[in-house]
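Student: below is the structure, and that's it, no one-letter string:
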């Protein structure tokens with residue numbers, strides 16, 4: 001009789017443990033089936049609604065360097081880096097940088113809009129979808145930023161909060177990256193024109 005309640009507790013504990021590990025194994029397998037985005041991978045295209053109700057496609061920004069930032073209103077580190085993004089958009093926008101924020105939380109569009117306004121955001125904010133997050137590897141943590149060159153290829157990625165200088169270096173890399181054919185042509189042109197000088 002005394003063993004019965006103890007046995008039930010043990011069984012319940014084992015079942016809970018199995019469910020816990022089963023859930024995490026399933027998540028891990030799901031994560032492993034997600035695309036691995038490496039440098040020189042073309043950034044997955046998507047179409048999302050912006051705060052002003054317009055639809056924006058990532059491919060519409062081809063020719064610009066893009067800082068694609070996944071964030072959420074509840075994310076403390078996101079609040080730290082957003083003012084940096086405002087400054088960097090002001091500083092590098094004329095050189096072809098476009099920062100795009102993708103809100104990945106359950107807040108209403110109105111709440112996200114108020115949050116962005118309070119933060120002084122000067123770049124488009126899109127309403128995220130889980131399917132887009134999955135295209136970008138499942139977003140294990142927020143914030144997560146992808147730096148996309150003018151040719152649409154990912155050149156860098158930052159997970160979590162880093163310093164403003166590191167973000168700025170990644171932006172410069174994205175701005176200065178050209179398709180390999182353009183680089184080859186440029187170096188060939190330089191080689192041809194140099195002797196004439």
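Tutor: That came through, no problem. Model, not experiment: these values are computed from the prediction.
Student: show me this protein divided up by domain.
Tutor: 1-32, 47-179 (automatic domain parsing).
Student: winner for burial among those domains?
Tutor: domain 47-179 (a mean of 17; mean count of other CB atoms under 10 Å). Using the backbone N, CA and C atoms, a C-beta is placed for each residue, glycine as well.
Student: rewinding a little: could you dump the domains of the chain into CSV and include distance to residue 41?
Tutor: CSV is the format used below for the domains of the chain (distance: least, CB to CB, whole Å):
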stretch, distance to residue 41
domain 1-32, 17
domain 47-179, 5
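Student: least confident of those domains, on average?
Tutor: Note on these: lowest mean pLDDT is at domain 1-32, with a mean of 51.
Student: sec struct for residue 102, please.
Tutor: strand (DSSP: H, G, I helix; E, B strand; the rest coil).
Student: isn't it up against residue 123?
Tutor: No - Residue 102 lies out of contact with residue 123 (CB atoms under 8 Å); the separation is 11.2 Å.
Student: ok, residue 70 - contacts?
Tutor: By CB atoms under 8 Å, 6 or more residues apart in numbering, residue 70 lies in contact with 102, 104, 128, 133, 136, 139, 142-145.
Student: for those residues, which one is nearest residue 167?
Tutor: Nearest to residue 167 among the contacts of residue 70, counting by CB to CB, is residue 145 at 7.2 Å.
Student: distance of residue 123 relative to residue 101?
Tutor: Per CB to CB, to the nearest Å, residue 123 is found 6 Å from residue 101.
Student: which residues do the two both contact?
Tutor: residue 85.
Student: and the contacts of residue 70, which of them are in strands?
Tutor: Applying DSSP state E to the contacts of residue 70, the entries found in strands are 102, 144-145.
Student: nearest to residue 57, of the residues you listed?
Tutor: Distances from residue 57 to the ones in strands among the contacts of residue 70, taken by CB to CB, are shortest for residue 102, at 12.8 Å.
Student: beta-bridge partners for the closest one, please?
Tutor: residue 70, residue 126 (DSSP bridges).
Student: can you give me the helices for this structure?
Tutor: 3-32, 76-92, 109-118, 130-135, 164-176, 180-196 (DSSP state H).
Student: check which helices and strands the fifth one sits against.
Tutor: Where contact means 3 or more CB pairs under 8 Å, 6 or more residues apart in numbering; DSSP states H and E, helix 164-176 is packed against strand 65-71, helix 76-92, strand 97-103, strand 144-148, strand 154-159.
Student: so what touches the fourth one?
Tutor: Right, the one you point to is strand 144-148. 37, 43, 58, 65-70, 136, 154-160, 167, 170-171, 173-174.
Student: repeat that for the longest one.
Tutor: For helix 76-92, the external contacting residues (CB under 8 Å, 6+ apart) are 65, 67, 69, 71-72, 97-99, 101, 119-123, 142-143, 160-161, 164, 167-168, 171, 175.
Student: still on that earlier bit, tabulate the contacts of residue 70 (CSV), appending distance to residue 87.
Tutor: Putting these into CSV (distance: CB to CB, whole Å) gives the following:
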residue, distance to residue 87
102, 20
104, 23
128, 23
133, 26
136, 25
139, 24
142, 21
143, 16
144, 20
145, 15
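Student: thank you, goodbye.
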